[in-house]
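Engineer: build me a structure from this.
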Amino acid sequence: MVKDSLKIVDQRTNAEFEVPISKGTIRAMDLRQIKTGPDDFGMMTYDPAFMNTASCQSAITFIDGDKGILRYRGYPIEQLAEKCTFLEVAYLILHGELPTETQLQNWVKEITYHTMLHETTKRFLEGFRYDAHPMGMFISTVAALSTVYPDARNIHDPEKRRLQIARLIGKVPTIAAYTYRHSLGYPYVYPENDFTYSENFMNMLWRMTEPKYKPNPALSRALDILFILHADHEQNCSANVMRAVGSSQADPFVSVAAAAAALSGPLHGGANEEVLKMLDEIGSKDRVPAYIETVKAGHGKLMGFGHRIYKNYDPRARIIKWAADQVFAATGKNPKLEIALELERIALEDEYFIKRKLYPNVDFYSGIIYQALGFKPDMFTVLFAIPRTVGWLAQWQEMLEDPEQKIARPRQIYTGYAQRDFVPIEKRTEKTLTAKH
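Structural biologist: Have a look, this model is predicted:
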């Protein structure tokens, strides 16, 4: 028997099987050989929500949830957030290596060149109701770009892919800013080529009648850090959607729109809004202990604590906490910060939360920062989608270049009726609804 393998005994037939182990995993298709007879389809695995299934091999992002580690292409997130700009990290995620000075200059120039939106796209945005949700506008407009750039369908041409990647990274902040201005009834502001990526986004958001917008350096740097922290996060729900839709060879614009739709759900991109609601419910610092006792008694949840992957302090939360200090030094303190700090302090000292490994995650402080910057909660997921576009595109490109990948098509366990004969309508009777429906 090979050392790196599993020996499986099927007690139904007493047959023995050897399944190779590679990189700590077995291939699900290797289980297909386990059958009770020639008419048996073969053994499948059943794993709702992919709790213990690897659907791909990836070299982009590494997470060790037990140790609280997050790395992009091997670089610790702490080092990248401290020393890099967002577009520098975007280059790393997409190309695998940090850029040289010349490469970075050319990359920034390329992205900046693609920040403008076609005027017909701008008119498309103007067609939305005044109260349209910004995320719905963002998703629809990104998908509509597929009609503006039909060459995007040529996904097997590396140069065409690179062009669409630059277009998407350049245009998503413009789309996001326009959805924000639309919700306020303000005229749209064109991109400015002299600004950095984050400064240009702030200019398109907040410029009013002044001849030249002057971004606050502390705020633009904090926004850049937030973008870095949200750029990619392994095989999360939206990344999985990006790969699944992309596996059908759909173009990157509609694939990104699908991924953004997944992000829009409250269990994925909307969690920081739930944190703000919780802090509003608590109301003041002195009410934190009572709220924690309520949570421990099984009434309500501690929003912004705990994570599907992290069973330690989310490394992004530490960095965001530092960025919050820089933001509040410029904007003045948000009263919610005092509540949040007290909530974190008590929870991290409480055996109930320590035992359950409930530590602050990235959503705990990000919503407070976004609110301090002047955003309403319905813009939070749009802000999330801007940097995550980089991660989605990296995952998409990696999937296309992986010879093992095919169109995504999970199996199912059928639980419905066996074969039934058709009943004419005049002979049908009403039946009580059952679980099979």
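Engineer: measure residue 411 to residue 53 for me?
Structural biologist: Shown here: residue 411 relative to residue 53, a distance of 11 Å by C-beta to C-beta, to the nearest Å. (Glycine included, C-beta is placed from N, CA and C.)
Engineer: and for residue 329?
Structural biologist: 45 Å.
Engineer: next one: stretch 152-161 to chain centre, how far?
Structural biologist: 24 Å (C-alpha atoms, centre = their mean, to the nearest Å).
Engineer: and what of stretch 141-154?
Structural biologist: Stretch 141-154 has its C-alpha centroid displaced from the chain centroid by 22 Å (C-alpha atoms, centre = their mean).
Engineer: neighbouring contacts of that stretch?
Structural biologist: By C-beta atoms under 8 Å, 6 or more residues apart in numbering, the residues outside stretch 141-154 that reach it are 118, 120-121, 124-125, 160, 163-164, 167-168, 171-172, 175, 178-179, 251-254, 256-257, 260.
Engineer: can you say which of these are buried?
Structural biologist: Among these, the ones that count as buried by 16 or more other C-beta atoms under 10 Å are 121, 124-125, 160, 163-164, 167-168, 171-172, 175, 178-179, 251-254, 256-257, 260.
Engineer: related to what we said a few turns ago, the more surrounded of residue 329 and residue 53?
Structural biologist: More crowded of residue 329 and residue 53, by other C-beta atoms under 10 Å: residue 53, with 14 against 11.
Engineer: which non-adjacent residue is nearest that one?
Structural biologist: residue 47 (4.5 Å; C-beta to C-beta, 6 or more residues apart in numbering).
Engineer: what does the model give that neighbour for pLDDT?
Structural biologist: What the model reports as pLDDT for residue 47 is 92.
Engineer: now do residue 1
Structural biologist: Predicted confidence (pLDDT) for residue 1: 51.
Engineer: can you pull the contacts of residue 247?
Structural biologist: Going by C-beta under 8 Å, 6+ apart, residue 247 touches 399, 405, 406, 407, 408.
Engineer: and what of residue 389?
Structural biologist: By C-beta under 8 Å, 6+ apart, the contact set of residue 389 is 168, 169, 172, 256.
Engineer: and of these, the nearest to residue 62?
Structural biologist: When these are ranked by distance to residue 62 (C-beta to C-beta), residue 169 comes first, at 22.4 Å.
Engineer: so what's that closest one closest to, chain neighbours aside?
Structural biologist: Nearest residue to residue 169, sequence neighbours excluded (C-beta to C-beta, 6+ apart): residue 111, at 5.4 Å.
Engineer: what helix or strand is that neighbour located in?
Structural biologist: helix 101-113 (DSSP states H and E).
Engineer: and that helix, what does it pack onto?
Structural biologist: Packing contacts for helix 101-113, counted by 3 or more C-beta pairs under 8 Å, 6 or more residues apart in numbering; DSSP states H and E, involve helix 86-95, helix 158-184, helix 197-206.
Engineer: alright, I will stop here.
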